[in-house]
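Visitor: Structure of the sequence below:
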Amino acid sequence: MLTSPPDRVAVFQRSKILAAYIVHAMAWPPPDLTPIILDGWSDDDRDGFIQKFDQVSHSIRESLESSGLWADTTPQERAFFETRLLDRTMQQFLSAAWSMEALACCLWALGLLPEIPPYDAQSSVLDRVPKGDVSELGESRSAAEIERARSVAELWHWRSRTRQLQDQGHTMPPLPGGHTLDDIFRLAAEKAAAAGDIAASCGGDLPAFGKPYRELSPEEVGLVASIASERRKALKWLCGFAPNNQWDQTPTDT
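Guide: From the prediction side, this is the model:
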């Protein structure tokens, strides 16, 4: 059930929160490396580094609170901002880092990116986060543009899930009309190419890393799947799929 999509102020605020979330993750060593790095330091250097982390965490919270954004952070985001350096988990780190793809979609919706990056390319958009307020923004994307982008994300997410199920050995049910899965992939790619949603069909499949999707390595599939999942969530939120526009309640089921 759809609700009214978030307005540009809500999208702007969500972008600010996501940017803070990502920066706080990326500014420090990954949790699996932190103990190894600190183990070679003196006690004073180690304590100083941890103290610096605590100061930055406190500063981020103060900044979010003073700008009225702290109340709009999710429980997961709040927990991350409040977690001490040596208590952070890799799952927390990865959740924050992958939010870069969601941030790209929000910035694109605000008109701050010319296009959403290809689905075989990770986003790097922190430099596009506005430093001013929402009044300084130009024209946002239309509802029709955002809905079309969501459909593209759904296509890539569907293709990723199908490939993952195949790799896991799941038996696919018979398709109507005697069609095979390869037929469906080819038709979907041709339709997407005709609509301009992809550059062109590649070997009767979606194109990624310069080859048909079916030829991707497991690592490449994992990358595209993660990109598609994060962008799909953001675009569903932008289209009003989240109850009361609550970010963490955006449906992610397939």
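Visitor: For the rest of this, base every contact and every neighbour count on C-alpha atoms.
Guide: Noted.
Visitor: what's around residue 66, how many residues?
Guide: 10 (other C-alpha atoms under 10 Å).
Visitor: and what of the one 4 residues further on?
Guide: As a burial measure, residue 70 scores 17 neighbours (other C-alpha under 10 Å).
Visitor: Same question for the one 4 residues further on.
Guide: The criterion is other C-alpha under 10 Å. On that basis, residue 74 has 15 neighbouring residues.
Visitor: Report how many residues lie close to residue 200.
Guide: Residues near residue 200, counting by other C-alpha under 10 Å: 18.
Visitor: same check, this time on residue 210
Guide: Neighbour tally, residue 210, other C-alpha under 10 Å: 11.
Visitor: Could you do residue 243 as well?
Guide: Count around residue 243 with other C-alpha under 10 Å applied: 17.
Visitor: That one contacts residue 6, correct?
Guide: No. Applying C-alpha atoms under 8 Å, one finds residue 243 not in contact with residue 6, separated by 10.7 Å.
Visitor: List the contacts of stretch 194-207.
Guide: 152, 182, 185-190, 192-193, 211-214 (C-alpha atoms under 8 Å, 6 or more residues apart in numbering).
Visitor: which regions of the stretch 151-254 of the chain sit below the pLDDT cut-off?
Guide: 254 (pLDDT under 70).
Visitor: All the strands of it, residue numbers only.
Guide: All strands of the stretch 151-254 of the chain, identified by DSSP state E, counting those that start in this stretch, fall at 207-208, 211-212.
Visitor: picking that back up, can you say which of the contacts of stretch 194-207 are buried?
Guide: 152, 185, 186, 188, 189, 190, 192, 193, 213, 214 (16 or more other C-alpha atoms under 10 Å).
Visitor: I'd like to know how far residue 218 sits from residue 165.
Guide: Distance, residue 218 to residue 165, by C-alpha to C-alpha, to the nearest Å: 12 Å.
Visitor: now the helices: where do they sit in the stretch 101-250 of the chain?
Guide: 143-167, 181-195, 218-238 (DSSP state H, counting those that start in this stretch).
Visitor: I'd like the ones you listed laid out as JSON lines, including distance to residue 30.
Guide: What follows is the helices of the stretch 101-250 of the chain, written out as JSON lines (distance: least, C-alpha to C-alpha, whole Å):
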{"stretch": "helix 143-167", "distance to residue 30": "27"}
{"stretch": "helix 181-195", "distance to residue 30": "37"}
{"stretch": "helix 218-238", "distance to residue 30": "18"}
